[in-house]
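J.: just a sequence and a predicted model for now, questions to come.
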Amino acid sequence: MTDLFDFSQRVDRYAVMGNPIAHSKSPRIHRLFAEQTGQRLEYEAIQVDAGGFTQAVGNFDSSGGKGLNITVPFKQEAWELVTARSARAERAGAVNTIIFDAGALRGDNTDGVGLINDLRNHNLAVAGKRVLLLGAGGAARGVLGPLLEGKPAELVVVNRTPDRAVELAAQFHDLGPVGGCGYPALGDRQFDLVINATSASLHGELPPLPDTLLADDATCYDMMYGANATPFQDWARQHTATTALDGLGMLVEQAAESFYLWRGVRPDTAPVIAKLRHEMQTA
Ligand code: ATR
């Protein structure tokens, strides 16, 4: 007999797909958002093997899934797979959020707005600032558009492989004053806001930054995070940055924007960031 009040049938399903995925904080974050906002939903982490992404998304869709977060290494594949893209996803060349919408797969990218909102959490604005973005891979590409919308005085993309920086900057010229170069070309130029979008911190490494890089009262932001300060945060403190932040806030903020796209409700991010920070430091 069918149970008319079987609520398990009615819980909306969401997930994050990536590889590796076991240590993803997204399920924890979205469950905290759901609890806080009284939304009934399930959110799981799904590991997908190389070559299996399209199939995995199709399976999730046909099992009644409502939305997905996509992480490394599938953001570009997701961009190709979706049937419609937001303007910011189109620009970013990567999709980190999919909305299943009556047979359509709508793709968005909330990474850039996540960074901007976390900067705002710390009362940091981009307007009028000299901004340096380290790296020219997917992470850098995802935040370039929203950074330029913040109207910096200038934005320089610097990369170990200079051609990638020049090429990336050229694709965003129409949005504002942006250029690309290699590290030696920075010379003694100074910046107010330096954002690390390289994967160097993942390997305990540091890009080759000139000692004179930081202007007075500079902010450094590493898009990576961990229980301890990243090598870039250590460098920032040694070079007297006023503020040296990691990317935990950005992670929670990009998740909040995805949650809003799916549910139409904006969670309060501050208590979730604080909770995750505490859990990370006491784990
Ligand atoms: P993601 O999608 O995470 O950005 P990616 O596309 O592989 O990953 O890009 C990684 C970025 O980190 C690149 O800009 C890379 O520089 P190269 O283009 O020269 O490879 C940069 N990167 C990685 N390790 C680095 C290090 N030790 N020093 C400086 N830059 C580094």
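T.: Now that the structure is in, tell me what you want to look at. Numbering: from 1, shown residues only.

J.: tell me the buried residues in stretch 275-283?
T.: By neighbour count with 16 or more other C-beta atoms under 10 Å, stretch 275-283 contains the buried residues 276-277. C-beta: built from backbone N, CA, C; applies to glycine.

J.: swap in stretch 238-250?
T.: Within stretch 238-250, the residues that qualify as buried are 239, 241, 243-250, counting by 16+ other C-beta under 10 Å.

J.: ok, now stretch 178-191?
T.: Residues of stretch 178-191 classed as buried: 178, 180-183, 186, 189, 191 (neighbour count, 16+ other C-beta under 10 Å).

J.: close to the ligand, is that stretch?
T.: No - Stretch 178-191 is not in contact with the ligand by C-beta under 6 Å from any ligand atom; minimum separation 7.7 Å.

J.: what does that stretch contact?
T.: Residues outside stretch 178-191 that contact it (C-beta atoms under 8 Å, 6 or more residues apart in numbering): 129-132, 136, 144, 148, 154-162, 164-170, 172, 207-210, 212-215, 218.

J.: out of these, which sit inside strands?
T.: 130-132, 154-158, 214-215, 218 (DSSP state E).

J.: dump stretch 209-216 to PDB, keeping only the CA atoms.
T.: Coordinates of each C-alpha in stretch 209-216 appear next as PDB, following Å, rounded to 0.1, in the frame of the first residue of the first chain:
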ATOM      1  CA  LEU A 209      56.500  37.200  -5.300                       C
ATOM      2  CA  PRO A 210      58.700  40.300  -5.100                       C
ATOM      3  CA  ASP A 211      59.400  41.500  -1.600                       C
ATOM      4  CA  THR A 212      58.200  45.000  -2.500                       C
ATOM      5  CA  LEU A 213      54.800  43.900  -3.800                       C
ATOM      6  CA  LEU A 214      52.500  45.100  -1.000                       C
ATOM      7  CA  ALA A 215      51.300  48.700  -0.800                       C
ATOM      8  CA  ASP A 216      50.600  50.200   2.700                       C
END
